[in-house]
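Asker: Predicted structure and sequence below. I'll ask about it afterward.
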Amino acid sequence: MKAEYINPFVSAAVEVFQMMLGSTPQRGQLSARKGIFTSQQCNIVLGVTGQLEGMIIYGMSLMTADQIASQMLGTTIRTFDELAASAIAELGNMISGNALTKLSNAGYRCNLSPPSIIRGSSVRISTLEIPTLVVPLITNWGNLEINVGLQERVK
């Protein structure tokens, strides 16, 4: 996978965190995986179609998800409920929408599926064998792992 596909997601995440949460996350070490998967407890999953196709997964611990949702909602979330899931899904939607705008400006026309939240321990999400780039973001509330598995659509 091309590194140019992940940069819009990282910069979009930083911008959304600054705008919505008033904090600038630090970028961790980029790594590659053969396919897209996550073993995090709380995952925002979005599909991408168009000139690029694949999946984006934002993974984090439930504690991180609770803390980010609390910050977004301006109230303390003690248990990851529907309101927290809605806030976290919207976070993924905002980051991905912003990233797809950046990809569009670079000439890639793509669409997003609505976000899905998958949570639980020892849950493994895997898809096609699309090479994946992974960037952890270190935030004030814990780590957010961005998994970008995109490839150009075969015509």
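Answerer: Received, thanks.
Asker: now stretch 95-105, how far from the chain's geometric center?
Answerer: 12 Å (Cα atoms, centre = their mean, to the nearest Å).
Asker: Can you give me the buried ones in it?
Answerer: The neighbour-count check on stretch 95-105 (16 or more other Cβ atoms under 10 Å) flags 95, 96, 98, 99, 100, 103 as buried. Every residue, glycine included, has its C-beta placed from N, CA and C.
Asker: Tell me the spatial nearest neighbour of the last one, not counting adjacent residues.
Answerer: It stands for residue 103. With sequence-adjacent residues excluded and distances taken as Cβ to Cβ, 6 or more residues apart in numbering, residue 103 is closest to residue 8, at 5.2 Å.
Asker: Mind exporting the C-alpha coordinates of the strand ranked longest in the chain to CSV?
Answerer: If you go by DSSP state E, the chain has its longest strand at strand 142-152. Output of strand 142-152 as CSV, limited to C-alpha atoms (Å, rounded to 0.1, in the frame of the first residue of the first chain):
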residue,chain,number,x,y,z
GLY,A,142,-4.8,6.7,25.6
ASN,A,143,-3.7,5.4,22.3
LEU,A,144,-5.7,5.4,19.1
GLU,A,145,-4.6,3.0,16.4
ILE,A,146,-5.3,3.9,12.8
ASN,A,147,-5.4,1.0,10.5
VAL,A,148,-5.6,1.9,6.8
GLY,A,149,-6.0,-0.9,4.3
LEU,A,150,-6.6,0.7,0.9
GLN,A,151,-5.8,-0.3,-2.6
GLU,A,152,-6.6,1.1,-6.1
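Asker: Point out the other helices and strands that it packs with.
Answerer: Identification of packing neighbours for strand 142-152 by 3 or more Cβ pairs under 8 Å, 6 or more residues apart in numbering; DSSP states H and E yields helix 7-16, strand 37-38, strand 52-60, helix 62-73, strand 132-139.
Asker: Perfect, that will be all.
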